[in-house]
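Trainee: structure for this input, please:
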Amino acid sequence: MWSDLLILGLCWTVYGTAHSVLVAPSVAKWVKQWWGAAAAYYRLTYNVVSIVGLIPILWFSASIHVSPILEWVWPYTLIQYLCWALGILIFVLGMRAYDGRDFVGLRQVAAYRAGSHDMAPPVLTISGIHRVVRHPWYLALLLLLWARDVSAVTLVTNGVLTAYLFVGTHFEERKLVAAFGGSYREYQDTVSMFFPIKWLNHLVASTKT
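Mentor: Model (predicted):
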């Protein structure tokens with residue numbers, strides 16, 4: 001069992017590392033140089049590869065049979081259900097701030113097919129749930145991950161993915177600062193990364209005035 005858990009941890013580590021490297025600015029620049037205008041397909045290809053890459057890891061994870069270490073029981077299941085509900089709600093609210101076709105890569109492909117190869121520069125827009133936390137999808141994933149019954153398998157999976165979220169977000173923030181400059185630094189100063197501490201502090205302060 002321990003060898004399986006080690007392999008599982010390595011699989012998630014390799015997956016997370018590849019997931020981050022493939023969206024690094026240097027890789028994006030290399031793809032644009034070598035693919036030319038066809039680089040418009042890269043975002044779609046990246047998403048497809050990411051989804052397909054999850055399948056063998058999830059299958060291997062399900063094949064490791066271990067007994068649970070900690071199970072949610074009544075009335076604590078109410079906390080579990082609340083975490084799930086909040087995770088789903090935050091994820092849905094986060095989706096409203098994104099252009100789904102652009103996120104998947106379909107808009108880039110459509111522009112390429114239409115003969116428009118110059119993509120519009122990114123624009124920083126802050127609305128909805130992004131006024132509460134900067135990375136709502138990551139917060140949603142953390143809630144959904146840790147609101148499960150705990151076993152050796154989930155501990156390995158949750159531990160690696162949580163570390164990946166924090167480390168990956170650090171590099172993502174650097175990319176966003178490079179893209180948006182002072183506007184994003186101001187955003188960092190006013191809105192928390194994952195947990196809405198600054199938003200709650202502002203809410204409490206506003207109720208006292």
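Trainee: for the helix or strand containing residue 53, packing partners?
Mentor: Assigning secondary structure by DSSP states H and E places residue 53 in helix 42-63. Packing partners of helix 42-63 (3 or more CB pairs under 8 Å, 6 or more residues apart in numbering; DSSP states H and E): helix 2-21, helix 25-35, helix 100-104, helix 106-113. From N, CA and C alone the C-beta is placed, and that goes for glycine too.
Trainee: what angle separates the second one from helix 2-21?
Mentor: I take that to be helix 25-35. Per axes from the mean of the first three to the mean of the last three CA atoms, to 10 degrees, the angle that helix 25-35 makes with helix 2-21 is 70 degrees.
Trainee: returning to that earlier point: tell me which residues of the helix holding residue 53 are tucked away?
Mentor: By neighbour count on 16 or more other CB atoms under 10 Å, the buried set for helix 42-63 is 42-43, 46, 57, 61.
Trainee: next, the angle from it to helix 2-21.
Mentor: Angle, helix 42-63 to helix 2-21, by the same axes, to 10 degrees: 170 degrees.
Trainee: quick one: the helix or strand just after helix 42-63 to chain centroid distance?
Mentor: With elements assigned by DSSP H and E, the helix or strand that comes after helix 42-63 is helix 77-95. The chain centroid and the centroid of helix 77-95 are separated by 15 Å, computed with CA atoms, centre = their mean, to the nearest Å.
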